[in-house]
Each structure stands twice: as C-alpha cells, then as structure tokens.
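Engineer: model this:
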Amino acid sequence: MRLLIAGLLLSLPWQSVAQDCTCNAVTSGPLEWTRGQYQGSTYVFFGTVTSVAPPMPDSNETRDQPTFIVNEAFKGNFKGGEVRGADCGSGILPGDSAMIFLDGYHRIKSCSIRVKGITEQDIRNAVRELSREEGSWKRRQTGGMDGTSSTTPGKSK
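Structural biologist: From the prediction side, this is the model:
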C-alpha cells in the first residue's frame with residue numbers, strides 16, 4: 001500500500017508538466033482558433049520563460065508562476081515578468097518559448113506549447129495576421145492619426 005501511495009505521489013509532478021498549455025480544445029482551423037484566443041486576451045506576445053516559481057503558500061494559486069521576457073508583442077503592452085499559470089495546467093518550463101495569451105489579470109488563457117490539433121507555427125502565423133488586421137482597423141478608426149500618413153483630399157489654399 002505504501003509503495004502504491006509513494007508511486008502516485010511521485011507521478012504527480014510529471015503529470016502536471018505533461019499537461020497541455022491550452023485550456024481550449026482546437027475544434028476549428030488554426031486561424032479561427034487563434035482568433036478566439038487573440039480576441040479574448042488582453043495581452044498576446046511571443047516570449048521566453050526565464051524561471052518558474054511554485055505558487056505562494058497561503059494563496060489561492062494552484063499553478064506554478066512562470067516569468068517571461070517578451071521577445072515580440074502583438075497585443076497590449078505587457079512588459080514581461082511573472083504571470084499566473086493557467087487553471088488547467090501550463091506545462092511551461094524555463095527556457096521554453098511560446099506564443100502567450102494573457103487575460104487582464106496576467107493569467108495565462110492559453111499558449112502555443114503542445115496544443116493538440118494545431119502547430120506552433122500555425123499559431124504564430126495566425127497571430128501575426130490578426131495583429132496586422134487589428135493595426136489596420138485601428139488606423140482606419142483614427143484616420144491615420146497614430147503616426148501613419150493618411151492622404152485625404154483637401155481644399156486648395
């Protein structure tokens with residue numbers, strides 16, 4: 001009996017590392033799945049994990065807390081730092097690089113690590129496309145006042 005309990009306890013850390021980073025199953029094409037993650041996130045970036053800390057004692061957190069450096073930002077202004085792990089398990093290790101989708105509380109909604117049904121490159125390509133679409137839409141809404149040039153017919157003086 002003790003061997004069985006010891007074996008189960010030893011297997012727990014391995015199981016959490018093996019969990020997929022995604023909380024949402026891929027049930028559509030890469031662009032559609034990524035669009036849902038992108039639109040539902042406050043911050044989207046490609047980053048590298050520098051460290052992973054266990055949850056703080058006496059906190060409500062149950063998942064490890066990874067710290068990221070941002071290599072390329074696509075949405076929001078996340079400067080890097082510690083984030084809250086995904087409630088469904090992240091499986092993120094120091095040195096991993098991934099596309100990260102965060103909510104407004106710096107909690108991982110999803111990422112591109114071991115997502116079943118979609119490749120990391122598909123996710124990166126879709127995020128780049130969505131980021132360009134969003135930038136184009138914002139420029140149209142502001143009339144090009146975001147630092148881009150906009151030619152509009154004007155009156156001659």
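
Engineer: burial count for residue 104?
Structural biologist: When neighbours are counted by other Cβ atoms under 10 Å, residue 104 registers 9. All C-beta spots, glycine's among them, are computed from the backbone N, C-alpha and C.

Engineer: and it, what element?
Structural biologist: Assigned by DSSP states H and E, residue 104 falls within no helix or strand.

Engineer: quick one: contacts for the closest residue to it other than its chain neighbours?
Structural biologist: With sequence-adjacent residues excluded and distances taken as Cβ to Cβ, 6 or more residues apart in numbering, residue 104 is closest to residue 42, at 4.2 Å. Residues near residue 42 by Cβ atoms under 8 Å, 6 or more residues apart in numbering: 75, 76, 102, 103, 104.

Engineer: mind running it again at 7 Å?
Structural biologist: By Cβ atoms under 7 Å, 6 or more residues apart in numbering, the contact list for residue 42 reads 76, 102, 103, 104.

Engineer: find the pair from these with maximum spatial separation.
Structural biologist: Pairwise distances across the contacts of residue 42 (Cβ to Cβ) peak at 10.2 Å, for the pair 76 and 103.

Engineer: what segments of the protein are helices?
Structural biologist: Using DSSP state H, the helices of the chain run over residues 2-18, 30-39, 120-142.

Engineer: any idea which of those helices scores lowest on pLDDT?
Structural biologist: Among the helices of the chain, helix 2-18 has the lowest mean pLDDT, at a mean of 41.

Engineer: what's the neighbour count on residue 91?
Structural biologist: 20.

Engineer: no wait, residue 49
Structural biologist: Using other Cβ under 10 Å, residue 49 has 20 neighbouring residues.

Engineer: not counting its neighbours along the chain, what's nearest residue 108?
Structural biologist: Distances taken as Cβ to Cβ, 6+ apart place residue 86 nearest to residue 108, at 4.2 Å, with adjacent residues excluded.

Engineer: shouldn't residue 92 be in contact with residue 112?
Structural biologist: No. Taking contacts as Cβ atoms under 7 Å, residue 92 lies outside contact range of residue 112: 10.7 Å.

Engineer: so what's in contact with the two at the same time?
Structural biologist: Common contact partners of residue 92 and residue 112 (Cβ under 7 Å, 6+ apart): none.

Engineer: contacting residues for residue 49?
Structural biologist: Residue 49 neighbours (Cβ under 7 Å, 6+ apart): 66, 67, 68, 92, 93, 94, 95, 96.

Engineer: again with residue 46
Structural biologist: By Cβ under 7 Å, 6+ apart, residue 46 lies in contact with 71, 72, 97, 99, 124.

Engineer: perfect, I'm done here.
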